[in-house]
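Visitor: predicted model, plus sequence, below.
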Amino acid sequence: MVVRIEKLQKSFPENGHDRLVLKGIDYRFVPGRLYVLKGRSGCGKSTLFSLIGLLDKPSSGTILFDGRDIQAMSDKEREEFRQKNISFLTQDENDIPEWSVIDNLHLVSKDDERIERTISRLGLADKKKQNAENLSQGEKIRLAMARILLEDKNLLLLDEPTANLDETNAKILFGILCELSKTRIVIVISHDYQEEWHLPDLVLLHLRHGKIVEDTPPEEDTPSADSGRLLRLPKRAYLSLSLLTIRKSVFRTTLAFLLLSLFSLVVFLFASLLSFDPSPFLDQGEFLSPNDINALSFLNDMAYLIWLILLAGVLFFVLTLFLLSYAYGREERKRMCLLRLIGFSERENFLLSSIPLLLVAFSSAVVGLILYFSLHGMLESLVAKAFASEAFPFLPMTPFLALPFLLLPLFALLFAFLKTHAIGRKLADQIKQAKE
């Protein structure tokens, strides 16, 4: 792969004006060179990274991947191209903290022998059973590097990969990057590279005044075909990550479950009451007692109020589900951004967002229905006493009992879709510092 940028500009609004960060950059990145990008804070390094990584769009100019104009692609095509061809290492979370080193790497490779070789090479062999949250910062960087090695994509973008490593490990990591750069494009933002290391085929780039200035010119190279692939989560990972989301918000989940079960019971009760039609009985008034006639008339007059209570119950359990979705979103955001960067599609994130909500929604509806059937006789007796008449089945079985089983999953899927879309839109903000 060859990446060519032509007359690339990027500006951001600032105090009512557009501040030009990148000012018409022309450059070509080819395999066989390790590109180290330096520059003062705020010069636009992360902005350039986000543009090359297809996390953002330039204000003007062109980005060509093997001659293909990325700007001419649709958003879906751009995302799929990024997922198949570009690996990232950022200064944010690069792993799932609650998973072991091995489980994190199983996201991108099923080849256990290759994983063992990779973690041994990076000095993580004795940490493979440890959870990522228990690793040191330097070990977390090495875990992220192991993931990138296993992804085997054409373009690697690394933001300060040696920031938390000592000099020895930093030199080893740069040596690995040099080896990787022989067959793919590797671009690194780093202030830790030391020229006395004398790494071969290294191009030192400086970003100054919105332009790239290089110390060593790159050589020509021939384009290579895309070799990436879209990833799919292992089936067990869906349940594992969904249960992890629930476990991280166990108090909110329990509270939402109890409220949803209660609201489901209310909906079942008033849906049954609403399905009872007193009109046929009122037509036979001469056979009814005064109490029965009063009960049926009262129920007939109260139909609008019953509808209102039913709709209020539906509104409350939809609101409860929305608040639970929001609470889960706070736990899921970093994990979902990581999965999108690794190369998983929005479909995986949608499923991961849907499953916890569907589990809670279905289980609470089932519990509500069980409570309704268990208490049906008592509830019908209480309603009959309230109406001062025991001559009628005020709570008949009705198709309306399916209402929570239809509405709760429907809104769970809707909230999951909205959350996935919102997190997808914020992905670039999680990875880049575009306005640095």
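Guide: Received it, and whenever you're ready, just let me know what you need.
Visitor: make it CA atoms for all contacts and neighbour counts henceforth
Guide: Noted.
Visitor: past the lengthiest helix in the chain, which element shows up next along the chain?
Guide: Longest helix in the chain by number of residues, with DSSP state H as the criterion: helix 303-342. Using DSSP states H and E, the helix or strand that follows helix 303-342 towards the C-terminus is helix 346-374.
Visitor: flag every buried residue along the longest helix of the chain.
Guide: By neighbour count with 16 or more other Cα atoms under 10 Å, helix 303-342 contains the buried residues 303, 306, 309-310, 313-314, 316-318, 320-322, 324-325, 327-329, 332-342.
Visitor: from the contact counts, what lies against it?
Guide: Using 3 or more Cα pairs under 8 Å, 6 or more residues apart in numbering; DSSP states H and E as the contact criterion, the secondary-structure elements in contact with helix 303-342 are helix 75-85, strand 86-89, helix 235-248, helix 250-275, helix 346-374, helix 403-425.
Visitor: can you report how many residues lie near the nearest residue to L338 once chain neighbours are set aside?
Guide: Here the nearest residue to L338 in space, its sequence neighbours aside, is N94; by Cα to Cα, 6 or more residues apart in numbering that works out to 6.2 Å. N94 is flanked by 24 other residues according to other Cα atoms under 10 Å.
Visitor: N94 and F417, how far apart?
Guide: Summarising the geometry, the distance separating N94 from F417, computed by Cα to Cα, to the nearest Å, is 24 Å.
Visitor: that older thread, JSON lines for the helices and strands packed on helix 303-342, including mean pLDDT?
Guide: Formatted as JSON lines, the entries for these read as follows, by pLDDT from 0 to 100:
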{"stretch": "helix 75-85", "mean pLDDT": "86"}
{"stretch": "strand 86-89", "mean pLDDT": "87"}
{"stretch": "helix 235-248", "mean pLDDT": "81"}
{"stretch": "helix 250-275", "mean pLDDT": "82"}
{"stretch": "helix 346-374", "mean pLDDT": "84"}
{"stretch": "helix 403-425", "mean pLDDT": "79"}
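Visitor: columns distance to K211 on top of these, output as CSV?
Guide: What follows is the helices and strands packed on helix 303-342, written out as CSV (distance: least, Cα to Cα, whole Å):
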stretch, distance to K211
helix 75-85, 24
strand 86-89, 23
helix 235-248, 43
helix 250-275, 50
helix 346-374, 34
helix 403-425, 28
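Visitor: can you lay out these as TSV showing mean neighbour count?
Guide: Converted to TSV, the helices and strands packed on helix 303-342 look like this (neighbours: other Cα atoms under 10 Å):
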stretch	mean neighbour count
helix 75-85	18
strand 86-89	23
helix 235-248	15
helix 250-275	21
helix 346-374	20
helix 403-425	19
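Visitor: ok, D18 to E6 distance?
Guide: Counting by Cα to Cα, the gap from D18 to E6 is 21 Å.
Visitor: give me the domain ranges for the chain.
Guide: Partitioning the chain according to automatic domain parsing yields domains covering residues 3-221, 236-431.
Visitor: comparing the ones you listed by mean pLDDT, which bottoms out?
Guide: When those are compared by mean pLDDT, domain 236-431 comes last with a mean of 73.
Visitor: I'd assumed the residue nearest to L338 was in a strand, is it?
Guide: No - inclusion of N94 in a strand is not indicated when DSSP: H, G, I helix; E, B strand; the rest coil is applied; the result is coil.
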